[in-house]
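Asker: Generate coordinates for the sequence data below:
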Amino acid sequence: ITNMICNLPRDKDRTMCLADITIGPYKGQHSSAAECQAKMLEADKDVDYFLFTASNALVCFVINDLEVKMVFWINRCMYMTQTADSGLKPMAEYMLKLMSGYPGLSQDIILRQLCAEYRDDTTEKVAEWE
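Answerer: Sure, this is the predicted structure:
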């Protein structure tokens with residue numbers, strides 16, 4: 001994590017520019033759903049994660065607090081670019097806490113999406129952490 005933070009892109013005045021952070025290269029095999037998520041995130045840097053309702057309507061998950069956004073992005077990047085579980089639990093927990101009550105979303109719908117994107121045991125991994 002320290003190397004990741006030290007190597008974050010910076011503006012001319014040496015401040016970090018979150019919009020320049022990329023997902024990074026995948027390590028290992030990922031589902032087509034995870035690859036689609038990564039492509040959408042690369043295309044729209046203002047969105048922190050794309051969720052889908054049961055009717056497949058797109059919901060853009062956006063974090064307004066810069067410090068929280070940075071921590072979320074670090075966890076997201078760690079999980080999306082590694083084959084280990086690093087980053088999954090805090091990323092999933094944060095989205096579940098904020099978005100399970102959103103119209104068209106629920107804890108089950110969000111967990112099903114994460115299972116489709118990553119692994120079938122995502123629900124169990126998140127439950128262990130809670």
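
Asker: okay, CA-based contacts and neighbour counts for the rest of this
Answerer: Noted.

Asker: Tell me the first helix or strand C-terminal of the lowest-mean-pLDDT helix or strand in the chain.
Answerer: Here the helix or strand of the chain ranked lowest by mean pLDDT, DSSP states H and E is helix 2-6, holding a mean of 53. Per DSSP states H and E, helix 2-6 leads on to helix 32-43 as the next helix or strand towards the C-terminus.

Asker: residues of that following helix that come out buried?
Answerer: Of the residues in helix 32-43, 34-35, 37-38, 41-42 count as buried by neighbour count, 16 or more other CA atoms under 10 Å.

Asker: pull the CA atoms of that helix into CSV?
Answerer: Taking C-alpha atoms only, helix 32-43 is exported to CSV below (Å, rounded to 0.1, in the frame of the first residue of the first chain):
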residue,chain,number,x,y,z
SER,A,32,-16.3,-11.0,-18.0
ALA,A,33,-18.4,-9.1,-15.4
ALA,A,34,-15.3,-8.0,-13.6
GLU,A,35,-13.6,-7.0,-16.8
CYS,A,36,-16.7,-5.0,-17.8
GLN,A,37,-16.7,-3.2,-14.4
ALA,A,38,-13.0,-2.3,-14.9
LYS,A,39,-13.7,-0.9,-18.3
MET,A,40,-16.6,1.2,-17.1
LEU,A,41,-14.5,2.5,-14.2
GLU,A,42,-11.7,3.4,-16.5
ALA,A,43,-14.1,5.2,-18.9
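
Asker: Which is the succeeding secondary structure element to that helix?
Answerer: strand 49-52.

Asker: Partner strands of that next one and their direction?
Answerer: The strands beside strand 49-52 in its sheet (DSSP bridges) come out as strand 58-61 (antiparallel).

Asker: other SSEs contacting the next helix or strand after the partner strand?
Answerer: As assigned by DSSP H and E, the chain's next helix or strand after strand 58-61 is helix 66-81. Counting contacts by 3 or more CA pairs under 8 Å, 6 or more residues apart in numbering; DSSP states H and E, helix 66-81 packs against helix 88-99.
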